[in-house]
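Novice: any chance you can model this:
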Amino acid sequence: MLVRSVIRPCRRSIVSCTPLYKNTPRFDDAELMASKLNNAAYTAKRSKEDYQWAEKSAQEVENEHNDRMARMMKISAALRGLFVVAGLGAAYTLYMQWPQIKGWWLATGSKLDDNAIEVLKKRKEKKRQMEFPTIPADEPGSSVPGLYYWGYGRNDGKNSKFPLRVPQFDGEKLSDVFLSAENGNLAINDRGDLYLWDTASRKLILGDQNLVSVKGSNGVAYALNKKGELLVIPVADDIERSRFVKTMRSWLLPWRTYCKYERKLDTTQIFTNRGENKVVQFDVGKDHLVFISNAGKAYTCATGVKRSPGIKSKGQFGVPTLSQFDPFPECNKVYEIELLNHGVSDSGNASKKIEKIACGNYHTLALDSLGELFSFGVNTHGQLGQPISYDMEYIPFPKKVTNFSGHFSRDTYLRVVDINAGGDTSFATVLPQDVHKYFKNKGNVALEEDIDKITYFAFGSGISGELGNGHFKHSQQEPTKLKVVNDITDGASTVLPRSSKIAHWACGKEHVFCQLENNEVVTWGSNSEGQLGNGKKIKSCRPINIPQLLEPGTVLKNGIEQNTAASNKLRLSPGQVLVAGDLSSCIYWKA
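Specialist: Numbering: from 1, shown residues only. Next comes the predicted model:
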C-alpha cells in the first residue's frame, strides 16, 4: 500500500506537464523582430491605404446636421430653463428673506450700543409725530358747518390721510356731494346750485335749478331737481352745456334774471301709469343709470354725451335686447326694465313696486316692496349673488338672489330691507322673521319686532378687503356676513356684544363707510390713498374705527398724546353726512 501511494503523485505530475511540452514555440521572436531592433528612434507608421468614407447624399448630410443642431438647441433650452428656475428661486428666497438679509448685512461688523433701543424708539416716535397734521388755531372747529375731505386729490400740500377742512365751504351746508376722480367732485349748495370743486377752488356749473341730488357718470353730471326731473349736465364741455342754458326774466320782478336749463332725460313717452310724472331715486354706474319713478317702476339708460367707439354692454341695463350681443344703446335714451317691473303670480301677470336701486361699476341691484332682491349685469366677481361661471358672466335680465337661507334656520322667512353697491361689491341687509307668524298675519308683521335680528351681507370682489368679512378674497358669490360688532353696556354691569345696526351707508369704489345707530363710524376696504381717514395707508378687511376730527390749535407732542387722539372714535354730529368716492372721502353738513 505504501508503494502504491508514492507512485500515484509522480504519475499525476508527469501527466500534467504533458501539455506544456506540446506548446513549444515554433518561431523565435528575436529572429522575427531582428530587422526592427536597432538604435534608431521609434516612429509609428500610417498605412498607405486611404480610408474609404461611406458615400452620403446631400439630403442625408443636411438631415444629420439638422439633427445635431436640434439636439444642441434642446440642451441649450434645458440649461436656460434651469438657469431661469434657479434665478426665480433665488429671487423669491431673497424677497421672502429680505428683512433678515438686510438686518444681517447692516449688522455685519457693527456693534450694538447700549442706547440703541432708545434711539430706535425715539426715531419711531418722531416718524409717528410727522404723520399727524397741525391744525391752525384760526381755523373753524368741527362744530362749524363745512366740508372735510381726505384721500386722493388733496393737491394743497396737506396731509391726505386725515379729514381736513376745505376752506371754500366753511360755514356752508350742502344738499348733496359726489366724489369722483374721473368726473370731478360735485356739490349742490343749499340754494340748489351745482358746483365743480377741488381742495383749492370751486366753480359754478349751473345755477337756479333747485337741485337736490347729483351723481356723475361718463363725464356727465346727472342732477335731480325738486320737480323730479333728471338734468343731463356735461361737466367738462362748457360749450356743450351752454347750448341748453337760457337766461330768463322774472314776470313778478322784471329786474331779476335766472337761468333755465332744458337738457333733461325725456320721460314723457316712457311714463305710462296714471299719476306717474317724476323721478324719486336714481343711481349710476360707469356708463349706465337706473332710476325709479313715483309709481315704483324702474327705468334705465346709457350715460354720457355720445357713445364711445367700441363700447359694449355688460348686461347692466337689465333689458334682454341690450345684452352683450347687441349694439350699445344710445346715450340718455330711456328704457323700461319690464322684467323687473312685472312678475308672474298665481293669478297671472302682476306689477311689482320697486323701492330702491343701487349701482356698481357694471351691475345693478333692485329691491321690491316684498323684500325680494334682484340683480343684473356683470358677475365676474360674484357681485350679483349668482354662481360664477362662463354662462353667467353677464346676466342681462333681473334675476332673484336667493342665497341667504344657508345662514338661518328653516322656519325663517327672509326679507331684504336695504341694498347698497360700490365698485364690484354688493351689500344686502336681511331681516329674518318667523315664517309661521308671517303667513298667519298674511305678511303684516311689524319690522320692529325682529329688528334686533337684522343681518348684513356682502358679496362680490374683496381683494382690497371691501367685503368686510375679515378676509381678502378675489371673488365671493355666496353672501358672507359682515364683521360689524358693537359692545354695549346700557348701564349693565357686563358688556354684551351684539350686531350693530347701521343707520347710513357710504360705498366707494373699493372702500366703505358706515354710520352706526349711535353715530359711531366704521370703515373698511382699500386705503391706497388714505381714503379711510385713519392716518395710514394700510387696507383693512374688517370694520375699524377712525379717529375723531382734529381740532384747531391741537399739538400732539408725544406718542402718548397721539395714541390717545387715535383711540378717540369718530362720532358724527347731527346733520353730518359721510360720502365715499373712488379714491377719496368727505364729511359735509346736510342742508
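Novice: contacting residues for Ser250?
Specialist: By CB atoms under 8 Å, 6 or more residues apart in numbering, the residues touching Ser250 are Arg256, Thr257, Tyr258. Yep, even glycine has a C-beta here, placed from its N, CA and C like the rest.
Novice: meant to ask about Lys158
Specialist: Residues near Lys158 by CB under 8 Å, 6+ apart: Pro133, Leu164, Thr199.
Novice: would you agree the second one is in contact with Gly151?
Specialist: No: using CB atoms under 8 Å, Leu164 makes no contact with Gly151, being 10.7 Å away.
Novice: what is the subsequent helix or strand relative to the biggest helix by length in the chain?
Specialist: The longest helix of the chain (DSSP state H) is helix 58-96. Using DSSP states H and E, the helix or strand that directly follows helix 58-96 along the chain is helix 98-107.
Novice: between that next one and helix 58-96, how many degrees?
Specialist: Between the axes of helix 98-107 and helix 58-96, defined by axes from the mean of the first three to the mean of the last three CA atoms, to 10 degrees, the angle is 70 degrees.
Novice: mean confidence for helix 98-107?
Specialist: Helix 98-107 shows a mean pLDDT of 75.
Novice: low pLDDT regions in the stretch 51-200 of the chain?
Specialist: Counting by pLDDT under 70, the stretch 51-200 of the chain shows low-confidence ranges at 51-53, 106-114, 124-131, 157, 159.
Novice: let's have the contacts of Lys158 in a markdown table, adding neighbour count.
Specialist: Listed next are the contacts of Lys158 as a markdown table, based on neighbours: other CB atoms under 10 Å:
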| residue | neighbour count |
| --- | --- |
| Pro133 | 16 |
| Leu164 | 22 |
| Thr199 | 22 |
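Novice: among these, which are in strands?
Specialist: Leu164 (DSSP state E).
Novice: make CSV from the contacts of Lys158 and add distance to His363 to it.
Specialist: Rendered in CSV, the data for the contacts of Lys158 read as follows (distance: CB to CB, whole Å):
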residue, distance to His363
Pro133, 38
Leu164, 34
Thr199, 32
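Novice: so which of the contacts of Lys158 comes closest to Glu240?
Specialist: Ranked by distance to Glu240 (CB to CB), the contacts of Lys158 are led by Thr199 at 26.5 Å.
Novice: tell me the spatial nearest neighbour of that closest one, not counting adjacent residues.
Specialist: Asp156 (4.8 Å; CB to CB, 6 or more residues apart in numbering).
Novice: do the same with Asp266
Specialist: Leaving aside its chain neighbours, Asp266 sits nearest to Val334 (6.5 Å; criterion: CB to CB, 6+ apart).
Novice: pretty sure that neighbour contacts Phe271?
Specialist: No: the pair Val334 / Phe271 is not scored as a contact, 9.3 Å apart, by CB under 8 Å.
Novice: ok, back up a step: doesn't Pro167 make contact with the residue nearest to Thr199?
Specialist: No: using CB under 8 Å as the test, Asp156 is too far from Pro167 to be in contact (9.0 Å).
Novice: overlap of the contact sets of these two?
Specialist: By CB under 8 Å, 6+ apart, no residue touches both Asp156 and Pro167.
Novice: for whichever strand or helix holds Pro479, which strands pair with it and how are they oriented?
Specialist: Per DSSP H and E: Pro479 is located in strand 473-481. Applying DSSP bridges, strand 473-481 is found paired with strand 455-462 (antiparallel).
Novice: distance from the strand it pairs with to the middle of the chain?
Specialist: Computed by CA atoms, centre = their mean, to the nearest Å, the separation of strand 455-462 from the middle of its chain amounts to 12 Å.
Novice: mean confidence score for that strand?
Specialist: Here strand 455-462 scores 95 as its mean pLDDT.
Novice: distance between the ends of stretch 339-350?
Specialist: 11 Å (CA to CA, to the nearest Å).
Novice: average model confidence for that stretch?
Specialist: Rounded mean pLDDT across stretch 339-350 is 79.
Novice: right, and Arg154 touches Thr199 too?
Specialist: Yes: Arg154 sits in contact with Thr199 when judged by CB under 8 Å, with a separation of 5.6 Å.
Novice: where along the stretch 251-400 of the chain do the helices fall?
Specialist: Ranges of helices in the stretch 251-400 of the chain, per DSSP state H, counting those that start in this stretch, are 338-341.
Novice: could you list the low-pLDDT ranges of it?
Specialist: Residue ranges of the stretch 251-400 of the chain with pLDDT under 70: 345-348.
Novice: rewinding a little: regarding the residue nearest to Thr199, what is its secondary structure?
Specialist: coil (DSSP: H, G, I helix; E, B strand; the rest coil).
Novice: that older thread, quick one: which of the contacts of Ser250 sit in strands?
Specialist: Within the contacts of Ser250, residues falling in strands by DSSP E are Thr257, Tyr258.
Novice: what's the closest of the contacts of Ser250 to Arg410?
Specialist: Distances from Arg410 to the contacts of Ser250, taken by CB to CB, are shortest for Tyr258, at 61.4 Å.
Novice: test my guess that that closest one contacts Met248.
Specialist: Yes: counting by CB under 8 Å, Tyr258 touches Met248, with 5.6 Å between them.
Novice: residues of stretch 242-260 that come out buried?
Specialist: Of the residues in stretch 242-260, Phe244 count as buried by neighbour count, 16 or more other CB atoms under 10 Å.
Novice: end to end, how far does that stretch reach?
Specialist: Start-to-end span of stretch 242-260 (CA to CA) is 11 Å.
Novice: swap in stretch 431-439?
Specialist: 16 Å.
Novice: could you do stretch 309-328 as well?
Specialist: This stretch, stretch 309-328, spans 10 Å end to end (CA to CA).
Novice: residue boundaries of the helices in the stretch 451-591 of the chain?
Specialist: With DSSP H, counting those that start in this stretch as the criterion, the stretch 451-591 of the chain has helices at 559-567.
Novice: quick one: low-confidence parts of it?
Specialist: Along the stretch 451-591 of the chain, segments meeting pLDDT under 70 span 484-499, 555-567.
Novice: no more questions from me, cheers.
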